[in-house]
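Asker: sequence plus the predicted model coming up.
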Amino acid sequence: MEKIALGGGCHWCTEAVFQSLKGVNKVEQGFVSSTGIHTSFSEAVVVRFNPSIITLKDLVEIHLHTHKSTSNHSMRTKYRSAIYTFSDQQLHEANAILNELQVDFKDRLITNVLPFDSFKPSTVAFQNYYYSNPEKPFCQNYIDPKIKLLFKKFSIHAKANSIANL
């Protein structure tokens, strides 16, 4: 297993997207901090995955398409668009992947590749939020569209049972 941390939007959304993927064995929802000017905690998930089933490039591509990765909106402190890496090799690989995928986007990607520093998990009541609460308006309005996009654009990587809530 390898791990990567990803942040971009609400961690309930990010958690649901990555829980819905083949090769992802565990998604920890919470808050991640980095180093330097990015020491504040921001909503994110830590994803443990099997690279022989789903690659880091696949995960990054899905991440970029399932949050506003080109929008530098006013909530970016709470919802930092980032890939948090656990090694120098992973940091270099993630930067190369971002550069390669930029051609898929009209606007410039604002997603940062940052070293992982620390993690604070969400309270238990908010973990596995989407799959525990699919009938909630937040899930239907914000997470369902991301899961639908996942099945439309990345169906090869989606777990078949993930669509049961739609």
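Answerer: In hand now; what should we look at?
Asker: show me what contacts the closest residue to G7 other than its chain neighbours?
Answerer: Distance criterion C-beta to C-beta, 6 or more residues apart in numbering; nearest residue to G7, sequence neighbours excluded, is A44 at 3.2 Å. In short, each C-beta sits where N, CA and C put it, glycine included. The contact partners of A44, by C-beta atoms under 8 Å, 6 or more residues apart in numbering, come to 5-7, 11, 14, 30-32, 80, 82, 84, 119.
Asker: wait, is A44 part of a strand?
Answerer: Yes - residue state for A44 (DSSP: H, G, I helix; E, B strand; the rest coil) corresponds to a strand.
Asker: does anything pack onto the longest helix seen in the chain? Which helices or strands?
Answerer: Ranked by residue count under DSSP state H, the longest helix found in the chain is helix 88-101. Contacting helix 88-101 under the criterion 3 or more C-beta pairs under 8 Å, 6 or more residues apart in numbering; DSSP states H and E are the following elements: strand 2-7, helix 56-65, strand 82-85, strand 112-115.
Asker: out of the ones you listed, flag the one nearest D104.
Answerer: When the helices and strands packed on helix 88-101 are ranked by proximity to D104, the top entry is helix 56-65, at 7.7 Å, counting by C-beta to C-beta.
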